[in-house]
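> Sequence and predicted model, in that order:
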Amino acid sequence: MRNTNGKSGPQVLKEMLRGGEIVIAPGCYDCLSARLVEHAGFKAAFMTGFGASGSILGQPDYGLMTMNEMVTVCANMNSILNIPLIGDIDTGYGNPLNVFRTVREFERAGMAAVHLEDQVFPKRCGHMEKKAVVPMEEHVEKIRAAVDARDEMLIIARTDSFATNGIDEAVRRLKAYRDAGADIIYADGLTNVEDMKKVCAIEGVYKFGNQVEGGKSPVLSFDELQEIGYNIAIYPTGTVFAAARAIEKYLSSLKKDRSNGQIIESGMVKGFAEYNDMVGMKELTDMEARYKVDLFKKKNQE
């Protein structure tokens, strides 16, 4: 996040959490989708490793993205965002020493918060099958390293143990991660409201929820999630799913009609000027005027 009114991303996110209203953070996987989240009026965004893996590698969220690739995605987004960005640092890319460096790198990239999960490495998306988790004590040390490494950035402790060991183990782990210093706790892949309530009953820490289209968790409204006890809810996959469907429709129509005329008439795509406006063309032309940049005139003079 670009420093706004003298406040950093972590400071703004902390104020939002203290305000009491649930923070809704739709997923973004590149700078364009990040701009769209902000333009839609949301007050926070979520950098989705699931979407980034699909966008950058054309591959599933299966632990294939490297730390440097993920950090670069985050830094690029934060260079244009004016809202806090929450991010996915998978398992921290190694042992506690690796986690320490990972957290430093993501904070330097401008993140407001990051979530660190207790799966074995390489991990896989929390709504996929056949997950495995490390011993709780091992992840506690990673959380401690993350807390020691950060300056302001919030640390979200995630467990995937619900799928492997059930809700009691998930709650036990989340309490231990809270005690290790995590600011926010997150149990992924919960399949019913009663178990969500058990996680949200854990005291002394903020709660983080996940809504995945076609995933394992029940689909709930913002108000329902807040009533259960969530402080933050992310929608990590919807934007990349929507983009994939829209591009498929565009290409299918182009191939079928052998022209983009019908596409333009249908309003399926933004107009040239409208798109340029959306991605900040006016900001650049204003800068040209301020700095008296006239590339066309200079070229003619040469």
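Yes, it's here.
> Next secondary structure after the longest helix seen in the chain?
Scanning the chain for the helix with the most residues, using DSSP state H, yields helix 238-257. Going down the chain from helix 238-257, the next helix or strand is helix 261-266, by DSSP states H and E.
> hang on, the earlier thing: for the longest helix of the chain, which helices and strands make contact with it?
strand 23-28, helix 31-39, helix 49-52, helix 261-266 (3 or more CB pairs under 8 Å, 6 or more residues apart in numbering; DSSP states H and E). Every C-beta, even on glycine, is put in place using the N, C-alpha and C of the backbone.
> what angle sits between it and strand 23-28?
40 degrees (axes from the mean of the first three to the mean of the last three CA atoms, to 10 degrees).
> From the chain's centroid, how far away is helix 238-257?
23 Å (CA atoms, centre = their mean, to the nearest Å).
> Backbone torsions only: list them for D88.
phi -110, psi 120 (degrees, to the nearest 10).
> And the pLDDT at it?
pLDDT recorded at D88 is 92.
> Now it: closest residue in space that isn't a chain neighbour?
Of all residues beyond its chain neighbours, the one nearest D88 is G49 (3.9 Å), with distances taken as CB to CB, 6 or more residues apart in numbering.
> close enough to count as contact, the one you found and P60?
No: counting by CB atoms under 8 Å, G49 stays clear of P60, with 10.7 Å between them.
> So these two - more neighbours on which side?
G49 (25 against 13; other CB atoms under 10 Å).
> give me the low-pLDDT residue ranges for the stretch 151-300 of the chain?
Along the stretch 151-300 of the chain, the parts satisfying pLDDT under 70 run over 293-300.
> Show me where it has its helices.
161-165, 167-179, 193-200, 222-228, 238-257, 261-266, 272-278, 281-290, 295-301 (DSSP state H, counting those that start in this stretch).
> rewinding a little: using PDB, list the CA coordinates for the longest helix of the chain.
Backbone C-alpha positions of helix 238-257 (Å, rounded to 0.1, in the frame of the first residue of the first chain) are rendered in PDB as follows:
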ATOM      1  CA  GLY A 238     -13.600 -15.300  -7.400                       C
ATOM      2  CA  THR A 239     -11.700 -12.800  -9.400                       C
ATOM      3  CA  VAL A 240      -9.500 -15.300 -11.200                       C
ATOM      4  CA  PHE A 241     -12.500 -17.600 -11.800                       C
ATOM      5  CA  ALA A 242     -14.400 -14.700 -13.200                       C
ATOM      6  CA  ALA A 243     -11.500 -13.600 -15.400                       C
ATOM      7  CA  ALA A 244     -11.100 -17.100 -16.800                       C
ATOM      8  CA  ARG A 245     -14.800 -17.400 -17.700                       C
ATOM      9  CA  ALA A 246     -14.900 -14.000 -19.300                       C
ATOM     10  CA  ILE A 247     -11.800 -14.700 -21.400                       C
ATOM     11  CA  GLU A 248     -13.200 -18.000 -22.500                       C
ATOM     12  CA  LYS A 249     -16.400 -16.300 -23.600                       C
ATOM     13  CA  TYR A 250     -14.500 -13.600 -25.500                       C
ATOM     14  CA  LEU A 251     -12.300 -16.200 -27.400                       C
ATOM     15  CA  SER A 252     -15.200 -18.400 -28.100                       C
ATOM     16  CA  SER A 253     -17.200 -15.500 -29.600                       C
ATOM     17  CA  LEU A 254     -14.200 -14.300 -31.600                       C
ATOM     18  CA  LYS A 255     -13.600 -17.700 -33.100                       C
ATOM     19  CA  LYS A 256     -17.300 -18.400 -33.900                       C
ATOM     20  CA  ASP A 257     -18.100 -15.000 -35.400                       C
END
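> what angle do it and helix 31-39 make?
Going by the same axes, to 10 degrees, helix 238-257 makes 120 degrees with helix 31-39.
> List the contacts of helix 238-257.
Around helix 238-257, the neighbours that count as contacts under CB atoms under 8 Å, 6 or more residues apart in numbering are 26-29, 33, 36-37, 48, 50-51, 54-55, 213, 260, 262-263, 266, 268-269.
> what comes up buried for it?
Within helix 238-257, the residues scored as buried using 16 or more other CB atoms under 10 Å are 238-241, 243, 253.
> Could you report the neighbour count for F121?
Neighbours of F121 (other CB under 10 Å): 15.
> Would you confirm that it contacts Y62?
No: F121 sits out of contact with Y62 when judged by CB under 8 Å, with a separation of 11.4 Å.
> Show me just the buried residues among the contacts of helix 238-257.
Neighbour counting with 16+ other CB under 10 Å marks 26-29, 33, 36-37, 48, 50-51, 54-55, 263 as buried within these.
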